[in-house]
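> Sequence first, predicted model second:
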Amino acid sequence: MKLRFGYVSNALALHEASPARTMTFSTWSKLSEEERSEKLHTITETNLKSTLRALHYNIAHEIDLYRMSSSIVPLATHPEAKWDYITPFRDMFEEIGELVQKHRLRVSFHPNQFTLFTSPKQHVTDNAIGDLHYHVAMLEAMGLDSRSIVNIHIGGAYGDKEETLKRFYENFDSIPSHLRSHVTLENDDKTYNAKETLEACEQTGVPFIFDYHHHLANPGDGLPERFFERVHETWKPKGLLPKYHLSSPKSASAYRSHADYVDSEFAIPFIDMLKEYGEDADIMIEAKKKDLAALQLVDDLSAIRGVKRLSGGSVLWK
């Protein structure tokens, strides 16, 4: 079983390479029109350059999975500060897309927790659609199709999970098809467990990203029968391997928080579950030390008898 590992956003091994520099609306509102434009353009250009640096770093280190920062463009969706963030940087977006396609990288976005479709308030749903539009607009500017995903959670329960799920399906149906084609759903660590999220994916026809750490924090009644087979089925329309999230708890008292690195002893039971199903998989490492954590885990797993390291970011599991 081949496992590929990736990381989130910021390549810490690189100097001053954050792709998530930003500016608050409060700061923006105090500037003149000329200053606003200059500041927005400068920050966005810096973030895109950092994204390119991370991609080149990933290519050099044979890391095929990468989650791009959702903060590349400051104030992109703020109702009072919206601006054309595509046209001035079209060449840079295209350069990113060309790298991704040439080296067959698997890239994605993961908007914040406010991008949800369970709220009874219409403006929350409208804002969520606006946020999806922002992410998909960048992917389209890169020339990337719906195999590059935008992953979200279902959202809150609002005191009645059954009724809220009904509202989720209604709100989800309002997403324009070209945006919805990029969407995946992930189980969370407090509300919607793996079984509930998988069922939502099967009903909406979108792929499911199983987060192992979230599952242990919020197991519900456990995993249903044929779980990994069903997960795999949700990805088949895209022609992609299933994608999973993996992190370690920071501590017993802060179990839901992510540790700096991924403890291989914590990871092995999950990998054994994947091995029992027998399919290759892609695993996004969600650890505070980002690329360093992903590479360290590959090192740690490669030291296990019978495990073969295939590249900088992948192993062949025993």
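Nice, thanks for sending it over.

> now the strands for the stretch 51-200 of the chain?
Here the stretch 51-200 of the chain has its strands, by DSSP state E, counting those that start in this stretch, at 65-67, 106-109, 149-153, 183-186.

> just the stretch 201-318 of the chain next, same as before
With DSSP E, counting those that start in this stretch as the criterion, the stretch 201-318 of the chain has strands spanning 208-211, 243-246, 281-285, 308-311, 314-316.

> Let's have these in TSV, adding distance to H41.
In short, each C-beta sits where N, CA and C put it, glycine included. Shown next, in TSV, are those (distance: least, C-beta to C-beta, whole Å):
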stretch	distance to H41
strand 208-211	33
strand 243-246	33
strand 281-285	31
strand 308-311	37
strand 314-316	38
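
> Relative to S50, which of the ones you listed is closest?
Closest approach to S50 among the strands of the stretch 201-318 of the chain is made by strand 281-285 (19.0 Å; C-beta to C-beta).

> Can you check which helix is longest in this protein?
For the chain, the helix with the greatest residue count under DSSP state H is helix 33-60.

> Please list the residues outside stretch 142-151 that contact it.
Residues outside stretch 142-151 that contact it (C-beta atoms under 8 Å, 6 or more residues apart in numbering): 93-94, 96-98, 100-101, 106-111, 132, 135-136, 139, 179, 181-186, 207, 209, 238-240, 243.

> And it, end to end?
Across stretch 142-151, the terminal residues are separated by 18 Å (C-alpha to C-alpha, to the nearest Å).

> Figure out how far it is from the centre of its chain.
For stretch 142-151, the gap between its own C-alpha mean and the chain's C-alpha mean amounts to 11 Å (C-alpha atoms, centre = their mean, to the nearest Å).

> Stretch 173-191 too?
For stretch 173-191, the distance to the chain centre is 12 Å (C-alpha atoms, centre = their mean).

> cool, and stretch 230-244?
Chain-centre distance of stretch 230-244: 15 Å, with C-alpha atoms, centre = their mean.

> longest strand anywhere in this protein?
strand 2-8 (DSSP state E).

> helices or strands next to the next helix or strand after that one in the packing?
Toward the C-terminus, strand 2-8 is succeeded by helix 25-29 as the next helix or strand (DSSP states H and E). Applying 3 or more C-beta pairs under 8 Å, 6 or more residues apart in numbering; DSSP states H and E, one finds that helix 25-29 contacts helix 33-60.
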